[in-house]
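S.K.: I'd like to go over a predicted model; first the sequence, then the structure.
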Amino acid sequence: DVKVTQSSRYLVKRTGEKVFLECVQDMDHENMFWYRQDPGLGLRLIYFSYDVKMKEKGDIPEGYSVSREKKERFSLILESASTNQTSMYLCASLKIGGIETQYFGPGTRLLVL
Amino acid sequence: AQKITQTQPGMFVQEKEAVTLDCTYDTSDPSYGLFWYKQPSSGEMIFLIYQGSYDQQNATEGRYSLNFQKARKSANLVISASQLGDSAMYFCAMREGHAGNQFYFGTGTSLTVIP
């Protein structure tokens, strides 16, 4: 069964803290994605990775960085958290072949105080 | 311009009735795929149905069907015989064939099923 997991469901951090959001998939997918979801704005792509150590900026990369050291793990890093980064963060991986749909993790609700 | 437009922020439907959630898209790529996802209050996005731009028939998956009108660039989701468990956010998404692996999402429609 397809599985994407995220390290935390809920996270509370202080302004200026460095924040790590971890995502792990067990499907051997090459492509992984980080989105943030805000009411009325839908899902916006932050970064994606198409292979180990490879990354591409999405639509809103400012204030974020990513790391992909192993195929199954894709990390999102907030170098210095700010209150406007309070959001829901969703990780996804992409199945290639057949119906090429994304599989999502359960999401991390981040609150920055 | 928005790649995916969902104009209905919220919808209500009576249990056991059918409901249509609207989605229009914008692309000049002749090859593309259209997706619908469901997001319950728990937060996880669940893939529902897929329509390829070259598919001749409208996609169906159980109670879900996709009303694909290529000339109008619309890909509406139809849910038949609504159930209370259908209450959720629904997102339409598109992936263009020649633009890599990026997906474009709409802003979503919140569906509430009334008993």
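M.R.: Received it, and whenever you're ready, just let me know what you need. Numbering: from 1, shown residues only, chains lettered A, B, ... in the order given.
S.K.: partners of the residue nearest the centre of chain A in the sheet?
M.R.: Among the residues of chain A, the one closest to the centroid is A:W34, at 2.9 Å (CA atoms, centre = their mean). Beta-bridge partners for A:W34, by DSSP bridges, are A:Y47, A:C91.
S.K.: so how far is A:I60 from it?
M.R.: 10 Å (CB to CB, to the nearest Å). Any C-beta I mention is one placed from the backbone N, CA and C, and that applies to glycine too.
S.K.: how about the residues of chain B near chain A?
M.R.: Neighbours of chain A within chain B, by CB under 8 Å from any CB of the partner chain: B:4, B:6, B:9, B:33, B:35, B:37, B:42-47, B:50, B:91, B:95, B:100-103, B:105-108.
S.K.: picking that back up, test my guess that the residue nearest to the centre of chain A contacts A:R44.
M.R.: No. A:W34 is beyond contact range of A:R44, at 10.0 Å (criterion: CB atoms under 8 Å).
S.K.: about what we covered before: overlap of the contact sets of A:W34 and A:I60?
M.R.: Residues touching both A:W34 and A:I60 (CB atoms under 8 Å, 6 or more residues apart in numbering or on different chains): A:45-46.
S.K.: Now A:K53: closest residue in space that isn't a chain neighbour?
M.R.: Using CB to CB, 6 or more residues apart in numbering or on different chains and skipping residues adjacent in sequence, the residue nearest A:K53 is A:R68, 6.0 Å away.
S.K.: Give me every residue in chain A lying close to chain B.
M.R.: Neighbours of chain B within chain A, by CB under 8 Å from any CB: A:9, A:31, A:33, A:35, A:40-45, A:48, A:50, A:58, A:88, A:90, A:92, A:94, A:99-107, A:109.
S.K.: Among those, name the buried ones.
M.R.: A:31, A:33, A:35, A:42-45, A:48, A:58, A:88, A:90, A:92, A:94, A:100-107, A:109 (16 or more other CB atoms under 10 Å in any protein chain shown).
S.K.: Identify those among those residues that sit within helices.
M.R.: Among those, no member is found in helices (DSSP state H).
S.K.: now the strands for chain B?
M.R.: B:4-5, B:10-14, B:19-21, B:24-25, B:32-39, B:46-52, B:60-61, B:64-69, B:74-79, B:88-96, B:103-105, B:109-114 (DSSP state E).
S.K.: give me the low-pLDDT residue ranges for chain B?
M.R.: By pLDDT under 70, the weakly predicted segments of chain B are B:98-99.
S.K.: residue contacts, A:G63?
M.R.: Counted by CB under 8 Å, 6+ apart, A:G63 has contacts A:78-80, A:82, A:85.
S.K.: Give the bridge partners for A:V112, please.
M.R.: A:K13.
S.K.: My error: substitute A:L78 in the last question.
M.R.: Beta-bridge partners of A:L78, as defined by DSSP bridges: A:V19, A:Y64.
S.K.: pretty sure it is touching A:N84, no?
M.R.: No. Using CB under 8 Å, A:L78 is not in contact with A:N84; the gap is 10.9 Å.
S.K.: between those two, who's got more neighbours?
M.R.: A:L78 (19 against 9; other CB atoms under 10 Å in any protein chain shown).
S.K.: For the more buried one, list the residues it contacts.
M.R.: Here A:L78 is in contact with A:13, A:17-19, A:21, A:63-64, A:85 (criterion: CB under 8 Å, 6+ apart).
S.K.: for B:E15, same thing?
M.R.: B:82-84, B:113-115.
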